[in-house]
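Trainee: Show me the folded form of this:
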Amino acid sequence: MKTDLEELFLTRRSKESLLEFANANPHTFDELLLYGLKVDAPNAWRSAWLICHLMKKNDKRIRPHLSILTETLLLKKDGHQRQLLLILLQMELDEETEGLVFDLSMTIWEDVQKIPSTRITAFKLVYKIAEKYPELAAEVELWTDTYYTKTLSPGIKKSLITMKTSLLKSIPTRL
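Mentor: Numbers count the residues shown, from 1 in each chain. Predicted structure coming up:
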């Protein structure tokens, strides 16, 4: 039985109510996930937000949909992108998908017109991937100069500086 997700999001507005519904109807997870990946659905971002609260780390139910997520990520509005990036942050990605996610995250990070919460979430993915590949970490200075940080709030800048410092410390020194 297909759930009317628009009706769900119209009638259940609180986090608790949505989680209660989803937990009582675990069979709707895939439906919620696919709805959350849509570009033109009015409440797709809310569905992606709900998936973030329902999923487990490296959730096997997400894995078959990673290609759709990455193919449509840049088509979403900022808040929706942020929710999908949060899903990606919880996933263990293969090397090929990491490369794609890194590029997508950099595209989002570099767009200084985007809302800071979306940009810093994209940078968290950049950071997560760069930790594994020192050759990427070495370029972090370029991605965090004043041009990229001037639109960030003090709290987000502090978070960025913490990640940047950690990455730079992890780079092996060259002789």
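Trainee: Show me the helices in this protein, by range?
Mentor: Assigned by DSSP state H, the helices in the chain fall at 5-11, 15-24, 29-36, 44-54, 66-72, 78-89, 95-110, 116-132, 134-137, 140-143, 146-149, 154-170.
Trainee: Next, the angle from the second one to helix 29-36.
Mentor: Right, helix 15-24. With axes from the mean of the first three to the mean of the last three Cα atoms, to 10 degrees defining the directions, helix 15-24 sits at 130 degrees from helix 29-36.
Trainee: center of this protein, which residue is that?
Mentor: residue 85 (0.8 Å; Cα atoms, centre = their mean).
Trainee: separation between the residue lying closest to that residue once chain neighbours are set aside and residue 73?
Mentor: Distance criterion Cβ to Cβ, 6 or more residues apart in numbering; nearest residue to residue 85, sequence neighbours excluded, is residue 121 at 4.4 Å. Heads up, the C-betas are built off the backbone N, CA and C, glycines and all. Taking Cβ to Cβ, to the nearest Å as the measure, residue 121 falls 12 Å from residue 73.
Trainee: now swap in residue 153 and tell me
Mentor: For residue 153 relative to residue 73 (Cβ to Cβ), the value is 23 Å.
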